[in-house]
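J.: give the three-dimensional model of this entry:
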Amino acid sequence: MERLNLPIDLHGRHCLMVGGGPVATRRVQSALRAGARITVIAPELDEMLQREHADGQITWHARPFTPADADGFPLVFALTGVPEHDREIARATAACGGLCSTEEAGVVFPLSAGNERTATRGPSPRGRVWLVGAGPGDPDLLTLHGLRALQQADAVLHDRLVPQEMLDLAPATAQRIFVGKQRSQHHYRQEELNELMIELAGAGQRVARLKGGDPFMFGRGGEEAAALAAAGVDYCIVPGVTAGSGCTAYAGIPLTHRDHAHACLFITAHDKDGECDHDWATLVQPRQTLVVYMGLLALRGLCPKLVEHGMEPNTPAALIEKGTTPEQRVLVGTVSTLPAIAAEHEPVSPAVVIVGEVVRLRATLGDCSPTREPASAPAAQGHG
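T.: Presented below is the predicted three-dimensional model:
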């Protein structure tokens, strides 16, 4: 994420301007009108900036910029007129946890600060943990709050579904620890992971716990938050785009529609012990969309159970494999045919299953991912 337009209230803010030429002059005057308190670092100043300094409107350090200058400034403007120098200033600002605006990008670049705009370099006396929803796969679905938390982190604990492009947004100095889980294959048991977060925070580390999807949607975020709370660790929940909404949106399947569904039910195919005894009568309701997380392994048993408890066999159903990623694949059928379609095409996890009349809309909407071809045709029944 290299460019981002953000409205910023400069009133009363301490801003660092690096550069003393015409570009810096224009930006300084705009910032002064907005009520900012400005420090300028530049070997020389334009005549207008010299007058602002003489009048006491700005503080001036007559020397070149050094990376340490960005420390303590929540907002830095790189205005040297030399793109490479501006990018170096932006990198130094990111390392100190601040925001940097460059003339080259015309926007905030890179985004590094969180709600704590005065974040400083290195571990704080008291650590903190962000439980961050990383979304279902597309790095662009990470929220601004999640990005800010990630770019302040001293340590990043991530699942297997978190893409490398997202990990690259963390500071180069941040420790990256893989704590992913697959069915029956855990690099860290949940108790060990909880202890690791508590240990890191106790050492003053800022920890970004990146979790695929949303932390509180089948993501064990509640368990982790409870452990942090019991240990007295400062923590924050950063909601994310859950797979049920993100994957279906990219696949062209609305979860609700006035003509097809006025309710949506999210379930997981199995519980903590690998089994799940659903209230089948609740699942089999008219004008309702059913979203099944981790449904790939349970698909063969799930669909017959739905029919057994009253669902029409020709109810549309779809399986979305690796949703929102470049490898996304959508298999479309009915509740009675989808298990066989999946067996034929052999999808792999992660995958979500969608059951309900809204699946019919994919034939009209087609692929809705951001990278789709403008004139792409709707996917054929069976797979797409």
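J.: where does the chain dip in pLDDT?
T.: 1-9, 103-126, 181-187, 270-276, 373-384 (pLDDT under 70).
J.: what about the helices in it?
T.: Secondary structure of the chain (DSSP state H): helices at 22-33, 47-54, 83-95, 144-152, 164-167, 190-202, 221-230, 243-250, 280-283, 299-308, 338-345, 362-365.
J.: TSV for the ones you listed, including mean neighbour count and distance to residue 317?
T.: For glycine as for every other residue, the C-beta is placed from the backbone atoms N, C-alpha and C. Output for the helices of the chain, formatted as TSV (neighbours: other C-beta atoms under 10 Å; distance: least, C-beta to C-beta, whole Å):
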stretch	mean neighbour count	distance to residue 317
helix 22-33	17	56
helix 47-54	15	66
helix 83-95	20	45
helix 144-152	23	32
helix 164-167	16	31
helix 190-202	18	32
helix 221-230	16	28
helix 243-250	24	12
helix 280-283	13	13
helix 299-308	17	7
helix 338-345	17	4
helix 362-365	15	11
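J.: make JSON lines out of those and add distance to residue 214.
T.: Listed next are the helices of the chain as JSON lines, based on distance: least, C-beta to C-beta, whole Å:
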{"stretch": "helix 22-33", "distance to residue 214": "38"}
{"stretch": "helix 47-54", "distance to residue 214": "48"}
{"stretch": "helix 83-95", "distance to residue 214": "26"}
{"stretch": "helix 144-152", "distance to residue 214": "11"}
{"stretch": "helix 164-167", "distance to residue 214": "15"}
{"stretch": "helix 190-202", "distance to residue 214": "17"}
{"stretch": "helix 221-230", "distance to residue 214": "8"}
{"stretch": "helix 243-250", "distance to residue 214": "8"}
{"stretch": "helix 280-283", "distance to residue 214": "21"}
{"stretch": "helix 299-308", "distance to residue 214": "22"}
{"stretch": "helix 338-345", "distance to residue 214": "25"}
{"stretch": "helix 362-365", "distance to residue 214": "23"}
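J.: out of those helices, which comes closest to residue 70?
T.: Ranking those by proximity to residue 70 (C-beta to C-beta) places helix 83-95 first, at 4.4 Å.
J.: tell me which strands and helices that closest one is in contact with?
T.: On a contact count with 3 or more C-beta pairs under 8 Å, 6 or more residues apart in numbering; DSSP states H and E, helix 83-95 meets strand 75-78, strand 99-102.
J.: and the residue nearest the centre of the chain, how far is that from residue 150?
T.: With distances taken as C-alpha atoms, centre = their mean, the chain has residue 142 as the residue nearest its mean C-alpha position (1.7 Å). Computed as C-beta to C-beta, to the nearest Å, the residue 142 to residue 150 distance reads 8 Å.
J.: list residues touching both of those two?
T.: 132, 166, 169 (C-beta atoms under 8 Å, 6 or more residues apart in numbering).
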